[in-house]
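1. any chance you can model this:
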Amino acid sequence: MCLLTNRWPERLGKEFNKRPFLLYDQKKPHETSWRTTAAVRVSSYCHFHLICMYKYTPAMRRIVLLPVVSLVTLFVIAQEKKAITHESMWAMKRVGAPELSPDGQTVVYQLQEAAYDSKESVTDLWIVPADGSTKPRRLTATKAGESAYQWSPDGKYLAFVAKRDGDEESQIYLLNMREGGEAQRLTNLSTGAAAPKWSPNGKSILFTSNVYAGCFNDSLSKKAAEERKKTKHNARVYTSFPVRDFDHWIDEKQTHVYVQSIEPGSKPRNLMEQTTLTQKAGYKLGTGMCFASDSRGVVLSLTTDLNTAAWQEPTYNLYLVSLDGGDARQLTSDGNDYAAPEFSPDGKYLVCRSSANNNYKVYNLDKLTRFDWPAMTNRTLLTPTLDRPVNSFKMAGNTVYMSVEDQGRDKLMQMTLAGGQVTPITSGARGCYNAVSVSNTGNNVVIVSTYEDASAPPEIVHINPGAKDHTMLSHANTDALSKLDLPYPEEVWTTSSRGKKIRSLLVKPAGFDPAKKYPLFVVMHGGPAGAWKENWGYRWNYHLLAAPGYVLVMTDYTGSTGYGEKFAQDIQFDPFKGPGTEINEAAADVVKRFSFIDGTRQAAGGASYGGHMASWMQATTSHYKCLVNHAGLVNSEAQWGTSDIAWGREVMNGGAPWTDAKTWKEQNPVRMAANFKTPMLLTVGELDYRVPLNNTLENWVIHQRLKIPSKLVVFPDEYHWILKGENSRFFFKTLHEWLATYLK
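-> Okay, the predicted model is just below:
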């Protein structure tokens with residue numbers, strides 16, 4: 001019932017042009033779609049939120065009151081939102097990191113249009129003005145995707161990596177951004193090219209290629225490849241640890257660094273040829289490389305003692321390789337790890353990330369570190385009091401811009417190159433900023449980055465430091481998201497029995513009704529050096545996990561990052577018991593606080609370290625109706641001997657498995673298998689070398705031997721993460737069916 005009084009025409013006259021309206025064609029009343037000749041408005045006099053519809057003539061001569069419709073009904077018709085499905089999640093467009101042009105006017109970024117069949121996925125580069133004056137447009141449109149895109153210092157060229165028609169391996173291409181035309185291939189190595197970096201003078205490009213040891217030119221690489229094809233036996237031979245790395249076996253190849261002029265007809269030069277670095281048994285290129293400020297040398301992060309990883313942490317140092325030839329000059333040797341070297345815009349400083357190493361800690365915080373260049377003196381920690389991880393950084397003028405992890409969010413901050421106070425340039429109240437890109441043109445500093453939150457994938461944004469907010473430059477998923485009901489997670493803090501403040505995210509399902517009772521799914525993160533951030537994910541998407549009607553509680557237990565170095569280190573010697581207690585206490589806390597949670601129906605699960613925790617829950621509690629364990633251990637001693645990482649596990653447990661370190665015995669789930677009784681879903685990628693298949697198989701046999709309801713799913717073509725579209729869809733389907741069996 002519409003309670004319009006005899007004053008309604010006056011009220012309507014004042015408000016008619018002030019309120020938004022939907023449009024309806026009165027000439028075709030049988031059609032349900034809204035058209036463009038009449039207005040639908042919520043009346044200020046409507047009780048119980050009823051609306052009225054009235055016809056408006058162009059001459060404003062008459063207004064006809066149409067039948068009243070409830071606001072709820074209208075929203076169902078015009079704005080109904082649905083729960084996310086795997087299909088709607090997978091269809092989200094994947095926006096990559098922004099690269100800002102040197103003049104600060106143009107942003108290039110990668111956009112992938114995913115498909116279940118990877119051959120049908122489309123990945124192109126897109127371009128948008130940094131001020132958002134026009135919509136983004138596609139820059140490339142080829143069969144193969146582009147990656148690792150970099151502007152030349154003068155803004156004339158865009159370098160990127162692609163594998164186009166005729167390429168056996170990915171190569172570096174140059175696109176003339178001023179004159180247009182097709183991108184031209186720069187490199188033509190049989191071993192391919194990756195990670196391009198421009199020289200400051202814009203005349204050369206630095207890049208990497210994986211080659212057989214001792215092959216310093218392409219003819220030697222081709223010869224070595226042909227010789228290996230002729231080999232009749234098939235065997236891997238090793239004399240040192242490690243033998244595997246996350247998702248692949250370590251082979252005879254090394255990553256070498258090359259430089260090549262951008263002049264037509266130029267040839268690449270292997271910068272490692274005259275150094276002794278690659279002759280070391282423990283050689284491995286690390287994270288980050290850059291040209292020196294004079295373009296005459298290259299600074300690299302690398303280790304020469306990877307072969308000692310069974311009994312210590314390999315140390316990554318900085319080295320300078322001259323373009324004039326000769327052996328490399330070691331720049332650091334103080335026992336700390338160094339990565340991500342970059343030069344200040346004026347060339348006076350070398351700035352990088354550093355962290356303590358081999359101090360018998362399970363976690364060490366990265367610190368921004370500055371050296372005077374070229375003397376490499378006056379080592380200065382720029383962020384000595386910032387007790388948070390620096391994800392990435394960029395420099396412009398005399399300022400350093402950083403993405404910093406803080407209690408589940410990635411915030412943008414700044415400081416001067418002189419050091420001192422770190423100040424935020426975004427409010428940090430919600431979501432995550434990453435991949436910052438900066439341009440300094442005179443007095444005008446332009447900052448762009450990606451931004452995502454727990455209910456929206458990354459988009460490109462322009463940062464407004466004065467207002468501490470951002471302006472959207474891309475809207476790749478705006479329409480798709482508008483059709484989905486994605487309740488934003490609630491942050492919950494619990495005081496643990498040990499007196500610690502523990503943060504959790506509480507996620508509600510689509511169509512949430514506070515009057516109903518929902519089962520609780522306790523989801524445990526991996527790492528342990530990780531966190532449940534306010535970001536978007538595809539492997540353990542919060543909303544897709546909750547979609548069938550579950551409330552999630554996701555706890556950052558001791559060992560998580562973003563809460564200070566000590567909080568992350570405190571998990572040492574207590575890998576499962578303390579974190580497990582905090583997770584259970586956080587679950588009990590939300591059950592007590594929120595009446596819509598049914599505490600009698602709870603499940604727990606996780607992946608990687610979260611899978612380890614699922615095994616610990618199996619060993620120590622029976623109040624969960626079922627458990628989910630993806631890529632998790634059941635036997636920490638077996639994990640020590642089969643994973644691609646060994647030493648860190650000794651540091652965690654206080655010694656080798658054969659020592660009297662009590663943690664191996666007291667906090668190893670397999671030693672408590674007699675307590676196992678909860679149904680468990682076990683999933684694993686057969687190519688996982690971080691938590692290898694043997695642990696999942698051992699766990700499976702235990703469950704079968706004890707006659708515990710269990711299901712095993714092995715993905716033959718996946719590794720630690722389930723990334724392929726159809727495999728991911730099957731994983732979520734299986735997980736949801738498992739939860740429904742015990743929670744519905």
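
2. list the buried ones in stretch 640-647?
-> Neighbour counts using 16 or more other Cβ atoms under 10 Å place Trp640, Thr642, Ser643, Asp644, Ile645, Ala646, Trp647 of stretch 640-647 among the buried residues. Where C-beta positions appear, they are placed from N, C-alpha and C, glycine not excepted.

3. should've said stretch 286-299
-> Neighbour-count burial for stretch 286-299 [16+ other Cβ under 10 Å]: Gly286, Gly288, Met289, Cys290, Phe291, Ala292, Ser293, Ser295, Gly297, Val298, Val299.

4. returning to that earlier point: and the buried residues of stretch 640-647, which is closest to Asn535?
-> When these are ranked by distance to Asn535 (Cβ to Cβ), Ile645 comes first, at 25.1 Å.

5. distance of the closest one from Asp245?
-> For Ile645, the distance to Asp245 equals 9 Å [Cβ to Cβ, to the nearest Å].

6. hang on, Glu729 in a helix?
-> One correction, residue 729 is Arg, not Glu. Yes - Arg729: assigned to a helix according to DSSP: H, G, I helix; E, B strand; the rest coil.

7. that one contacts His86, doesn't it?
-> Yes - Arg729 is within contact range of His86, at 4.7 Å (criterion: Cβ atoms under 8 Å).

8. more neighbours: which of those two?
-> His86 (21 against 17; other Cβ atoms under 10 Å).

9. pretty sure Val445 sits in a strand.
-> Yes - residue state for Val445 (three-state DSSP) corresponds to a strand.

10. and the closest residue to it other than its chain neighbours, what is it in contact with?
-> Spatially, and ignoring its direct neighbours in sequence, Val445 is nearest to Ala396 (5.6 Å; Cβ to Cβ, 6 or more residues apart in numbering). Contacts for Ala396 were tallied using Cβ atoms under 8 Å, 6 or more residues apart in numbering; they are Pro345, Val438, Ser439, Asn440, Val445.

11. quick one: the helices in the stretch 251-400 of the chain?
-> For the stretch 251-400 of the chain, no helices are identified by DSSP state H, counting those that start in this stretch.

12. if we can go back for a sec, make a markdown table out of the buried residues of stretch 640-647 and add distance to Ser449, secondary structure and pLDDT.
-> Formatted as a markdown table, these follow (distance: Cβ to Cβ, whole Å; DSSP: H, G, I helix; E, B strand; the rest coil; pLDDT from 0 to 100):
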| residue | distance to Ser449 | secondary structure | pLDDT |
| --- | --- | --- | --- |
| Trp640 | 39 | helix | 98 |
| Thr642 | 39 | helix | 98 |
| Ser643 | 34 | coil | 98 |
| Asp644 | 32 | coil | 97 |
| Ile645 | 31 | coil | 97 |
| Ala646 | 37 | coil | 97 |
| Trp647 | 35 | helix | 97 |
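
13. which among those residues gets closest to Gly419?
-> Nearest to Gly419 among those: Trp647, at 33.2 Å, using Cβ to Cβ.

14. my guess is that closest one contacts Ala309. True?
-> Yes - taking contacts as Cβ under 8 Å, Trp647 lies within contact range of Ala309: 6.1 Å.

15. count the neighbours of the residue nearest to Asp154 when sequence neighbours are not counted for me.
-> Ranked by Cβ to Cβ, 6+ apart and with sequence neighbours excluded, the top spatial neighbour of Asp154 is Gly202, at 5.3 Å. The number of residues packed near Gly202 is 17, by other Cβ under 10 Å.

16. residues touching Gly202, list them.
-> Contacts of Gly202 by Cβ under 8 Å, 6+ apart are Ser152, Pro153, Asp154, Lys156, Ile262.

17. now the residues you listed in a markdown table, with secondary structure, distance to Trp536 and pLDDT?
-> Below are those laid out as a markdown table (DSSP: H, G, I helix; E, B strand; the rest coil; distance: Cβ to Cβ, whole Å; pLDDT from 0 to 100):
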| residue | secondary structure | distance to Trp536 | pLDDT |
| --- | --- | --- | --- |
| Ser152 | coil | 32 | 98 |
| Pro153 | coil | 33 | 97 |
| Asp154 | coil | 36 | 96 |
| Lys156 | coil | 35 | 97 |
| Ile262 | coil | 37 | 97 |
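
18. most neighbours, which of the residues you listed?
-> Per-residue neighbour counts (other Cβ under 10 Å) across the contacts of Gly202 peak at Ser152, which has 21 neighbours.

19. how much space between the residue nearest to Val445 and Phe676?
-> Taking Cβ to Cβ as the measure, Ala396 falls 56 Å from Phe676.

20. quick one, helices of this protein?
-> 8-15, 71-79, 86-90, 218-230, 478-482, 542-546, 565-569, 577-593, 609-620, 636-642, 647-653, 663-666, 693-705, 725-743 (DSSP state H).

21. how many neighbours does the nearest residue to Met415 once chain neighbours are set aside have?
-> Nearest residue to Met415, sequence neighbours excluded (Cβ to Cβ, 6+ apart): Val422, at 4.7 Å. Number of residues near Val422 (other Cβ under 10 Å) recorded here: 19.
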